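J.: Following is a predicted model, sequence given first.
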Protein chains: 2
Amino acid sequence: MTIKAVVFDAYGTLYDIQSVATVTEEVFPGYGDIITQIWRIKQLEYSWLRSLMRRYEDFSVVTREALLYTLRVLGLAHDAAAFDRIIDKYLHLDLYPDALSTLAALKGRKLAILSNGSSGMLHALVKNSGLDRVLDATISVDQKRVFKPAPEAYTLIESSLGARPDEVLFVSSNPWDACGAKAFGLNVAWIERVTPQAMAEACVKSDVVPPLTMFKALRTQMDELGLTPDHRIRALSELPDLLAHES
Amino acid sequence: MTIKAVVFDAYGTLYDIQSVATVTEEVFPGYGDIITQIWRIKQLEYSWLRSLMRRYEDFSVVTREALLYTLRVLGLAHDAAAFDRIIDKYLHLDLYPDALSTLAALKGRKLAILSNGSSGMLHALVKNSGLDRVLDATISVDQKRVFKPAPEAYTLIESSLGARPDEVLFVSSNPWDACGAKAFGLNVAWIERVTPQAMAEACVKSDVVPPLTMFKALRTQMDELGLTPDHRIRALSELPDLLAHES
């Protein structure tokens, strides 16, 4: 097997979604963490629910609606300026520290993003972070009007890059996305950023769990969906070595 | 408009899913609440993800997989007996206190359940709780091999009961389910069991949120999916009056 293309999930994989907490905390002191976690959990829920209900709206709409929900549930009154300031951070998310060096080390293969994000969100994000200089393509599921992990979303890799599923390594830290890519037939590397040991230890005082720990318990451990990624790595920086042994 | 059939969601609507916490706490002291919440959140996530991935398995499988996930994430070692004791509670969930009297008061109309549960789970639950004596039908989405809120699931009401969507009142406390039913074209009563005021007050100390509060923040408040239920009630017991004015 020869890997011709390495395709990355964006949110949570190349970009640290937890980095929105700096802005949510500034706008709503004391609530930064809980806003960040509920927002992200609901953002994905809404993408799945809208896909299932056949009521697709692009990820910028879903992201705004999830934030609206979050602020309402927490009883946080806000004006348009505060709302827009938080939303704007989604176009300026921090890269994981090893993202740029990893992509540079993989030069020679086709490198792309396949993300639930809208084209507008992704192009702004990629440009603002400088990844436009190293990526061959930034693919939004928006063309298919359905979100990952629906198989239609993953078909965009072959139609955009001309690489067959068995020639692609798909990289995601999101367990549901790693499973969706595996179910579709891609080679998959899952990034396990939170070890099972650290996870279990964080939950020992289970009656009072910080929102970030609850988020990690819901969305960082491999899911039980009857699927197993081909590779389990701890960080993006392991990819060059992994690919050197693959092909 | 004449309402000929009143169709209820099961889990969380007629049956109190929080009642599993008594068993989870007995089996894993100190972890009863967090197990209950993660289990329920993942159970629904898995139903949506499997539907989207076209990897349908029935709700008994999804429920077991979600519990397996939960115990693994929390680092809780268990044997088959402990696991089965918890799972068994799903066949013996407590009814909400006003469920039986409400159904009795609605006699004369067709009364049914439409649930994501498998036929086996639902028939055991309905029999164990005595609802088999008042329901005309217990409909599982399993025939369609897709979970709510996919529209195919809601088509089973007309094909099973012979009532058109405009002749049905669908009752659910699950916001995503109320939205799915509304998107499909049913008349919908959403049960708001947690008021916005109570919700916001529970989150004031947002750095240490009990798992039940986090669950409520994620799954008891009306979602932002561009849909609004026709009726918002606080309890099942409001239904007889609501229907007296409807038709």
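T.: Ah, there it is. Residues are numbered from 1 along each chain as shown, chains lettered A, B, ... in the order given.
J.: going forward, measure contacts between C-alpha atoms and count neighbours the same way
T.: Fine.
J.: Is it correct that A:Glu246 is in contact with A:Glu167?
T.: No - taking contacts as C-alpha atoms under 8 Å, A:Glu246 lies outside contact range of A:Glu167: 10.9 Å.
J.: Same drill for these two, tell me which one is more crowded.
T.: Taking neighbours as other C-alpha atoms under 10 Å in any protein chain shown, A:Glu246 and A:Glu167 compare with A:Glu167 leading, 17 against 11.
J.: Now do the SS call for A:Glu26.
T.: With DSSP: H, G, I helix; E, B strand; the rest coil as the basis, A:Glu26 sits in helix.
J.: any idea how far A:Gly32 is from it?
T.: A:Glu26 sits 7 Å away from A:Gly32, going by C-alpha to C-alpha, to the nearest Å.
J.: just checking, what packs against the lengthiest helix in chain A?
T.: What stands out as the longest helix in chain A, according to DSSP state H, is helix A:32-53. Using 3 or more C-alpha pairs under 8 Å, 6 or more residues apart in numbering or on different chains; DSSP states H and E, the elements in contact with helix A:32-53 are helix A:21-27, helix A:59-73, helix A:211-219, helix B:32-53, helix B:175-184, helix B:211-219.
J.: how far does the helix or strand that the fifth one is followed by sit from the chain's center?
T.: Once the chain leaves helix B:175-184, the next helix or strand it forms, by DSSP states H and E, is strand B:187-191. In terms of C-alpha atoms, centre = their mean, to the nearest Å, the centre of strand B:187-191 is set 13 Å apart from its chain centre.
J.: mind listing what strand B:187-191 pairs with, with the direction of each?
T.: Pairing partners of strand B:187-191, with direction, according to DSSP bridges: strand B:168-172 (parallel), strand B:231-233 (parallel).
J.: Let me know the angle separating it from helix B:175-184.
T.: 170 degrees (axes from the mean of the first three to the mean of the last three C-alpha atoms, to 10 degrees).
J.: Strand B:187-191 - what's its average pLDDT?
T.: For strand B:187-191, the mean per-residue pLDDT is 98.
J.: where are the low-confidence patches of chain A?
T.: Along chain A, the parts satisfying pLDDT under 70 run over A:1, A:247.
J.: Who's the closest spatial neighbour of the spatially most central residue of it, skipping the chain neighbours?
T.: The centre of chain A sits closest to A:Tyr11, judged by C-alpha atoms, centre = their mean, with a distance of 2.7 Å. Spatially, and ignoring its direct neighbours in sequence, A:Tyr11 is nearest to A:Ile17 (6.1 Å; C-alpha to C-alpha, 6 or more residues apart in numbering or on different chains).
J.: Neighbours of the one you found, how many?
T.: Based on other C-alpha under 10 Å, the number of other residues close to A:Ile17 is 20.
J.: Can you show me the CA trace of stretch A:44-62 as PDB?
T.: Extracted in PDB, the C-alpha atoms of stretch A:44-62 (Å, rounded to 0.1, in the frame of the first residue of the first chain):
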ATOM      1  CA  LEU A  44     -21.400  18.500  16.700                       C
ATOM      2  CA  GLU A  45     -24.800  17.300  18.000                       C
ATOM      3  CA  TYR A  46     -26.500  19.800  15.700                       C
ATOM      4  CA  SER A  47     -24.400  18.800  12.700                       C
ATOM      5  CA  TRP A  48     -25.500  15.200  13.200                       C
ATOM      6  CA  LEU A  49     -29.100  16.000  14.000                       C
ATOM      7  CA  ARG A  50     -29.500  18.300  11.000                       C
ATOM      8  CA  SER A  51     -28.000  15.700   8.800                       C
ATOM      9  CA  LEU A  52     -30.400  13.000  10.100                       C
ATOM     10  CA  MET A  53     -33.400  15.400   9.900                       C
ATOM     11  CA  ARG A  54     -32.400  16.400   6.300                       C
ATOM     12  CA  ARG A  55     -32.400  20.000   7.500                       C
ATOM     13  CA  TYR A  56     -28.800  20.800   6.500                       C
ATOM     14  CA  GLU A  57     -27.400  24.200   7.200                       C
ATOM     15  CA  ASP A  58     -23.700  24.900   6.800                       C
ATOM     16  CA  PHE A  59     -21.300  24.800   9.800                       C
ATOM     17  CA  SER A  60     -21.200  28.500  10.300                       C
ATOM     18  CA  VAL A  61     -25.000  28.400  11.000                       C
ATOM     19  CA  VAL A  62     -24.700  25.400  13.200                       C
END
